[in-house]
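Undergrad: I need the structure of the sequence given here:
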Amino acid sequence: MAPAAEREGYWGPPTSTLEWCEENYAVSYYIAEFWNTVSNLIFILPPIYGAIQTYKDGLEKRYLAAYLCLTAVGLGSWCFHMTLKYEMQLLDELPMIYSCCVFVYCLYECFKYKNTVNYALLFLLITYSVVVSIV
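TA: Just a heads-up that it's a prediction; the model follows:
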């Protein structure tokens with residue numbers, strides 16, 4: 001059997017701009033970075049459970065948004081480490097930016113005094129997300 005570094009996996013050669021310290025396709029023909037991929041389950045399963053509980057308990061929508069954002073980060077990272085494709089790298093990185101913006105807004109919601117919407121903050125966070133996506 002050829003060394004893992006010379007093996008080509010199911011997804012073909014990597015097109016991402018990043019390489020991590022794990023050997024590609026060393027454990028599975030179908031998963032480029034097996035342990036990085038599997039470790040993302042902690043970003044997928046508990047947040048899904050949290051989102052379900054948040055919905056059942058009728059909590060504020062910001063909590064649901066935060067759990068779903070964390071799930072999106074985990075799914076994107078899962079896809080990236082499984083394939084090492086550039087498109088999946090974007091699916092890994094961009095949800096992190098968007099989630100951080102949601103978390104910043106949720107943090108603002110914790111300390112506001114009136115039942116209002118901060119349109120200036122929303123505009124700033126959405127503009128930031130769009131600019132980062134374009135760049």
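Undergrad: what about Phe111, how many neighbours?
TA: Neighbour count for Phe111, taken as other Cβ atoms under 10 Å: 6. Yep, even glycine has a C-beta here, placed from its N, CA and C like the rest.
Undergrad: Just want the phi and psi numbers for it.
TA: Backbone torsions of Phe111, given as degrees, to the nearest 10, read phi -110, psi 10.
Undergrad: Could you check how far it is from Tyr86?
TA: Note on Phe111: its distance to Tyr86, by Cβ to Cβ, to the nearest Å, is 39 Å.
Undergrad: Using the three-state scheme, assign Tyr113.
TA: Under DSSP: H, G, I helix; E, B strand; the rest coil, the three-state class of Tyr113 is coil.
Undergrad: cool, Leu107 as well?
TA: Put simply, Leu107 is helix when judged by three-state DSSP.
Undergrad: What's the per-residue pLDDT of it here?
TA: At Leu107, the pLDDT value in this model is 89.
Undergrad: list the contacts for it?
TA: Not one residue lies near Leu107 by Cβ atoms under 8 Å, 6 or more residues apart in numbering.
Undergrad: switch to 10 Å and redo it
TA: Arg62 (Cβ atoms under 10 Å, 6 or more residues apart in numbering).
Undergrad: which residues touch stretch 32-46?
TA: Under Cβ under 10 Å, 6+ apart, the answer for stretch 32-46 is 9-14, 16, 19-28, 30-31, 67, 70-85, 88, 92.
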